[in-house]
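Visitor: Predicted model and sequence below, questions to follow.
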Amino acid sequence: MAVETPRQERDADGDAILRTDGLVKQFGQFTATDRVDLEVERGEFRSIIGPNGAGKTTLFNLISGALPVTDGSIYFAGEEITDLSPPERVRRGIGRSFQISNVFGGLSVRENVRLASQAVHDDEYTFLESLFKPTDRYETMNADAERILEQIGLADVADEQAEALAYGDRRRLEIGVVLATDPDLVLFDEPTAGMSVEETQATIDLIEEVLVDQTLLLIEHDIELVMNLSDRITVLNRGDILAEGTPEEIAENQDVQDAYLGGMIE
Amino acid sequence: MSDPLLSVDGIDSGYGETKVLRDLSLSVDRGDVVSLVGRNGAGKTTTLRSIMGIVTPTAGSVTYRGEDVTTLPATETVKRGISLVPEERRIFPELTVMENLEIADHGGGTEADSLSIAEALETFENLRERTDNAGSSLSGGEQQMLAIARALVGGADLVLLDEPTEGLAPYIVQDLMDVVRELNEQGITVLLVEQNVHVCLELADRNYVIDQGEIVYEGTSDDLADNDEVLDRYLGVSV
Amino acid sequence: MLGGLIQQLLDGLTIGVVYVLLAAGLSVIFGVMHVINFAHGELFALGAYFALALIGPLGGGTGFFVALLVAPLLVGVIGVLIERFTVRPLYGRNPLYHILLTFGLVLVINDLIYVGWEPGSVSMPIPEFLRATVDVLGASYALYNLFIIAFGGAMAFGVWALLEYTKFGLIVRAGSQDRQMVRNLGIDIDRYYSLVFGMGAALAAVAGIVLGGYQTVSPEMGTSIIIPAFVIVVLGGLGSFKGAVVAGLLVGIIQTVLRTHVPILEGLVIFLLMIGILLIRPQGLFGSEAHDDDGGELLTGTGGVLDSQTRTRLAIAMVGLLALVPLGVGTLYSPYVVSLVIEILIWGLFALSLDFVMGYTGLVSLGHALFYGTGAYAVAIVLLNVSQSAFVAIALAVLVSAGIAWFVGFLSIRVSGVYFAMITLGFAELFYNVVSRLEITNGSDGLFGASAYYGVAGVGVDLDSIAIFLGSVALTGQMLFYYVALAALLGAFLLTRRMLQSPFGSVLKSIRENEQRATFLGYETTVYKRRAFVVSGALAGLAGGLFTLNTGYATPSFAHWLHSGEVIVMVILGGMGTLYGPILGSFVFFGLEDVLTDFTARWRLVLGTVFVLFVIFLPQGLVSLPSQLVPYLSGGSSPETEPTPEDPGFGGDG
């Protein structure tokens, strides 16, 4: 499977958009994240891989604020965000993509996107306006939503209920909603889980197409996909970083081979 | 050659409108360890739930010992000798180890007489000293052992193991594999669901690879270990 | 002194043991089935009445003991039937539907008691030898109380042993931790649900009988004990038997000691305790980790049969029709009709206010009568003490209600689901107890005789002293107030509708759909929920204020939990999440009451039955009836599938 990666041609400009410093998360006796120092550069496509239970999703939950950290700190765009609430992190530019069943099924496609853009354009309304001025009368917010609807190719079905959309369209909507939160960094947790090869390809194409300016952080099981897409790969094992490097470096890393990739196959 | 102990023939299954399994077939012979291996979301757990009767297939059939059990609820399939050791073990956290075993001991079971609690504690010796401890105080490995013991006390001939190694340290995975081997030698048939192909290759007589709710490969462990294309394409194990 | 203290302690234990019997059943039922059973108090009362019926022919000696054995069995059977036929169809839905269902059952059973027995208190004949007194450490003490302590204690011990040492108990305990796993082990746990419910009902009946012998038996005994019983269950921890025992005895003793020494605090302290526990440790003293109600969403009304233009026309026509109502007085009907419709409009406003939080953010307030009561008392106090201006009084009522809603919301909105429902119930009961005791609210009698003029600073009109002539009809007094109420309802409807079309409303709708996702779009959802709660509280306060403005009185019963329950009934009857549904619900509620009272004094029985059927078969309410019927009429089958106990989404099975 060959996937084009325009991102690899851009060079990252060298400053870290996300940095974690000795990040620790414990659940009771169990240490899910064990002093992780992660640094992601602006513009990068970074993948995080590792065996089940390595702590990938926990790491995402810490970065997005869904879980409080036990110890350590998180910096985003140079500022510490360790104790900020999840919505505050979203407003600072950390977007998070969910499974597609997470779009607002009872709302229209347009409302889904507009809700995200409404959160970004909260300077377009005063408190009183937010209570009484109908949503379709805000220019910037709506223009933004329409532009994204065009971009993800759902402008024609904007008035339909999201739950009525076909599987692929719902995936497009999900990515559109993330895009509308105007993120600088997007966290993807297995965006292609349960998809066929074709659906996976289409999803990756869409991500590549609409999230050109964003830094991407991806958790993914599909090693081949990761190898093709990523600028750099971080391998987690038992809550800690086992290795980090370019796809080529990771493929050749003996530790990674032993712990994860093919160690037990004779 | 006798009929298989369990045979799943062309089932469709899923939740509500979402179809997870498509025309899935597999069979398990008496006394074998058979694995069902695949990625997250491939349909492994749904297969087990469909066999068990927690989910009822919308097409196809499940036959156990020659009896059609497709539409039986879980409470009935258990009585016929199939037992599920679910993902994340689902030990009753506030019951003691002993109570966790007692609740399963309902005098059911079929040809392989169900293990008495005393016998189960013989086999799982690390549980023996902890019979009065709460389920929640056990480590992950101990919980997994307890979950298996619970299934055997309930009189299982066929044990459905759902991702038993998930989240366990490597040396505990070794212990667990020893236990599965030992049980198999005692005549228990095992259908093992795993993401970790290495565990399957070590334990299983035969392996099914599942992807997108369909069986895409069937073969012995030796054959699977040599099949780079399947390993790479469906299991994400690059060699 | 010591004798007095021991006497209080024993009195406290007597009540405490009764609480334990009640709360143990409630708690185990919640633990296993996640059902909050409001009808538990009625089963308690039913036990006492069955006992009375049995003792009658047999006499107070042996009869009492026969009753103590047989009445709980009968109530237990009723419990089994209730579980089988009303509770069971709702497994898999949000647990809040069980609250609604059992509230309907309260209306039904309570009225059945009135059908079978005379209203008013009667005393329960107890065996002669138990009437004696004995010396306890120098103080003479009623033997019957010691009997309650011993017998109730033995019962509680028996239940504990049953849960701890029998297979039945093992299955019940396992079931409260992981139901699906119990099924996976080959145990048909659904069969046990009926038994657990029956056991809880029987325990409640025992409690009713022994307390009936201590105090008196009255039809209200169930509605007055259920709230303390909930407080105990919450304190001890939802689902914990041990918690029910400890908290039951504790509350019994605290209440008795306070009644003697600091009577003003009795009834307040336990609610403060309950609110405090819910805020600090929602799982209670002995409960395991907090239960999430992940049992499926609240079902909102579905319209969609008519296009929007037709709907607008229909709405205008309805308002027009309503505006004509006072004109028919004297020719078509008596002035009573106007006062009835005023009440409907005010309760329609009240129901709309609740719908705004319940239907749009999923916050089920079980104590919304708190805000209605606040508005009513604010108007009465202002009119009687500060200013007779209706405008000033209403403005203050709305402000104070909004303020209290902000305060309650500030404290409670971070706890969710069942706990939020309980906390709002606690605040409302606290208010009820406070206004029943304060001098400024004239205690349990309430405030009367408040009159107002419409204007400010002494300039304005009194509705009774003016008349507006429309042809031959003279509009005066109530007929003029009618338009005030209609305008208020219409205004509130337009205001909330506008809000729902605004950015604020969009966020509320997204919270209803999926709160976590709304958070990850960048919304502080608790802030939005709190704002919605303030709007809702203000409108409820407006409704209560209008009622007092019209009638001139305010009593503690305005904040009673039955009031809160009735307004929920209206919201569900009409259709949640639609704004106009609750108004329709108010019309149906009072319409039914009005029609039924012509035929029977037991209208609550009929209404309760209708409501129970609604919760089971048409939870989306009347407004969805057309869209539900369309598939049938066009020959298709129902779009709804019956929920089953197997539903994978039911709490804890995830």
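Guide: Thanks, I have the structure now.

Visitor: Nearest to the spatial middle of chain C, which residue is it?
Guide: Closest residue to the average C-alpha location of chain C: residue C:565 at 3.7 Å, with C-alpha atoms, centre = their mean.

Visitor: dump the residue contacts of it.
Guide: The neighbours of residue C:565, taking C-beta atoms under 8 Å, 6 or more residues apart in numbering or on different chains as the test, are C:38, C:103, C:106, C:366. C-beta: built from backbone N, CA, C; applies to glycine.

Visitor: same check, this time on residue B:56
Guide: With contact taken as C-beta under 8 Å, 6+ apart, residue B:56 is in contact with B:13, B:50, B:70-71.

Visitor: let's see it at 6 Å
Guide: residue B:71 (C-beta atoms under 6 Å, 6 or more residues apart in numbering or on different chains).

Visitor: And it, what's its pLDDT?
Guide: The model reports residue B:56 with a pLDDT of 91.

Visitor: so is it in a helix, a strand, or just coil?
Guide: Look at residue B:56: counting by DSSP: H, G, I helix; E, B strand; the rest coil, its state is coil.

Visitor: Show me the contacts of residue C:565 that map onto helices.
Guide: C:103, C:106 (DSSP state H).

Visitor: Can you get me a residue count around residue C:628?
Guide: When counting by other C-beta atoms under 10 Å in any protein chain shown, one arrives at 18 neighbours for residue C:628.

Visitor: swap that for residue C:56, sorry
Guide: The burial count assigned to residue C:56 is 12, neighbours taken as other C-beta under 10 Å.

Visitor: Give me the distance between it and chain A.
Guide: 57 Å (C-beta to the nearest C-beta, to the nearest Å).

Visitor: which residue sits closest to that residue, ignoring its sequence neighbours?
Guide: Spatial nearest neighbour of residue C:56, excluding adjacent residues (C-beta to C-beta, 6 or more residues apart in numbering or on different chains): residue C:63 at 7.6 Å.

Visitor: Can you confirm whether the longest helix seen in chain B lies near chain A?
Guide: Counting residues, the longest helix found in chain B (DSSP H) is helix B:170-185. No. Judged by C-beta under 6 Å from any C-beta of the partner chain, helix B:170-185 makes no contact with chain A; its nearest approach is 9.3 Å.

Visitor: Just the mean pLDDT for that helix, thanks.
Guide: 87.

Visitor: and the stretch 51-200 of chain A, which of its residues are near chain C?
Guide: So the stretch 51-200 of chain A meets chain C at A:86-87, A:90-91, A:96, A:102, A:104, A:106, A:115-116, A:118-119, A:125, A:130-135, A:181 (C-beta under 6 Å from any C-beta).

Visitor: re earlier: using neighbour counts, pick out the buried residues of the host helix or strand of the residue nearest to residue C:56.
Guide: Residue C:63 belongs to helix C:62-82 when assigned by DSSP states H and E. For helix C:62-82, the buried set under the neighbour-count rule, 16 or more other C-beta atoms under 10 Å in any protein chain shown, comprises C:63-64, C:67-68, C:70-72, C:74-76, C:78-80, C:82.

Visitor: For chain A, give me the ranges with low pLDDT.
Guide: Chain A contains residues with pLDDT under 70 at A:1-14, A:52-53, A:99-101, A:193-196, A:258-266.

Visitor: the strands in it, which residues?
Guide: Taking DSSP state E as the test, the strands found in chain A are A:16-27, A:30-36, A:39-41, A:45-49, A:71-76, A:79-80, A:94-97, A:185-189, A:215-219, A:232-237, A:240-245.

Visitor: Quick check: the farthest pair among the contacts of residue C:565?
Guide: Pairwise distances across the contacts of residue C:565 (C-beta to C-beta) peak at 12.8 Å, for the pair C:106 and C:366.

Visitor: can you tell me how far whichever residue of chain B sits closest to chain C sits from residue B:64?
Guide: Across chain B, the shortest distance to chain C (C-beta to the nearest C-beta) belongs to residue B:78, at 3.2 Å. Relative to residue B:64, residue B:78 is positioned 11 Å away (C-beta to C-beta, to the nearest Å).

Visitor: more crowded one of these two?
Guide: Neighbour count, other C-beta under 10 Å: between residue B:78 and residue B:64, residue B:78 has more, with 27 against 23.

Visitor: And chain A, what are its domain boundaries?
Guide: A:1-93+A:184-207+A:214-266, A:103-182 (automatic domain parsing).

Visitor: quick revisit: who has more neighbours, residue C:106 and residue C:366?
Guide: More neighbours surround residue C:366 than the other of residue C:106 and residue C:366, with 27 against 23 (other C-beta under 10 Å).

Visitor: For that one, give me its contacts.
Guide: Listed by C-beta under 6 Å, 6+ apart, the contact set of residue C:366 reads C:421, C:424-425, C:564.

Visitor: Can you turn the buried subset of these into a selection I can paste into ChimeraX?
Guide: Buried subset of the contacts of residue C:366, written as a ChimeraX selection, criterion 16+ other C-beta under 10 Å:
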select /C:421,424,425,564
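
Visitor: Tell me which of the contacts of residue C:366 fall in helices.
Guide: C:421, C:424-425, C:564.

Visitor: would CSV of those with distance to residue C:548 and pLDDT be doable?
Guide: As requested, the ones in helices among the contacts of residue C:366 are exported to CSV (distance: C-beta to C-beta, whole Å; pLDDT from 0 to 100):
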residue, distance to residue C:548, pLDDT
C:421, 27, 88
C:424, 22, 93
C:425, 23, 92
C:564, 18, 93
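
Visitor: I'd like these as TSV, with distance to residue A:147 appended.
Guide: Output for the ones in helices among the contacts of residue C:366, formatted as TSV (distance: C-beta to C-beta, whole Å):
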residue	distance to residue A:147
C:421	43
C:424	43
C:425	48
C:564	47
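
Visitor: re the thing from before, which among the residues of the stretch 51-200 of chain A next to chain C count as buried?
Guide: Buried members of these, counted by 16+ other C-beta under 10 Å: A:86-87, A:90-91, A:96, A:102, A:104, A:106, A:115-116, A:118-119, A:125, A:130-133, A:135, A:181.

Visitor: near chain B too, which of those residues?
Guide: The subset of these lying close to chain B, counting by C-beta under 6 Å from any C-beta, is empty.

Visitor: Which of those fall within helices?
Guide: Checking these against DSSP H, those in helices are A:86-87, A:90-91, A:115-116, A:118-119, A:130-132.

Visitor: Between which two of those is the distance greatest?
Guide: A:86 and A:132 (27.9 Å).

Visitor: What are the buried residues along the helix or strand harbouring residue C:532?
Guide: Taking DSSP H and E as the criterion, residue C:532 maps to helix C:525-551. Buried residues in helix C:525-551, defined by neighbour count with 16+ other C-beta under 10 Å: C:525-526, C:528-551.

Visitor: same question for it, mean pLDDT?
Guide: On average, helix C:525-551 scores 95.

Visitor: Now do that helix: which elements does it pack against?
Guide: helix C:336-361, helix C:369-381, helix C:390-412, helix C:478-501, helix C:503-513, helix C:515-519 (3 or more C-beta pairs under 6 Å, 6 or more residues apart in numbering or on different chains; DSSP states H and E).

Visitor: now the angle between helix C:503-513 and the fourth one, please.
Guide: This means helix C:478-501. Relative orientation of helix C:478-501 versus helix C:503-513 (axes from the mean of the first three to the mean of the last three C-alpha atoms, to 10 degrees): 80 degrees.

Visitor: got the residues of the stretch 101-250 of chain C near chain B?
Guide: By C-beta under 6 Å from any C-beta, the part of the stretch 101-250 of chain C that sits against chain B consists of C:170, C:174, C:177-178, C:181, C:183-186, C:188.

Visitor: Is chain A within reach of the helix or strand of chain B with the lowest mean pLDDT?
Guide: Ranking every helix and strand in chain B by mean pLDDT, DSSP states H and E puts helix B:228-235 at the bottom, with a mean of 76. No. Shown here: helix B:228-235 not in contact with chain A (C-beta under 6 Å from any C-beta), separated by at least 7.1 Å.
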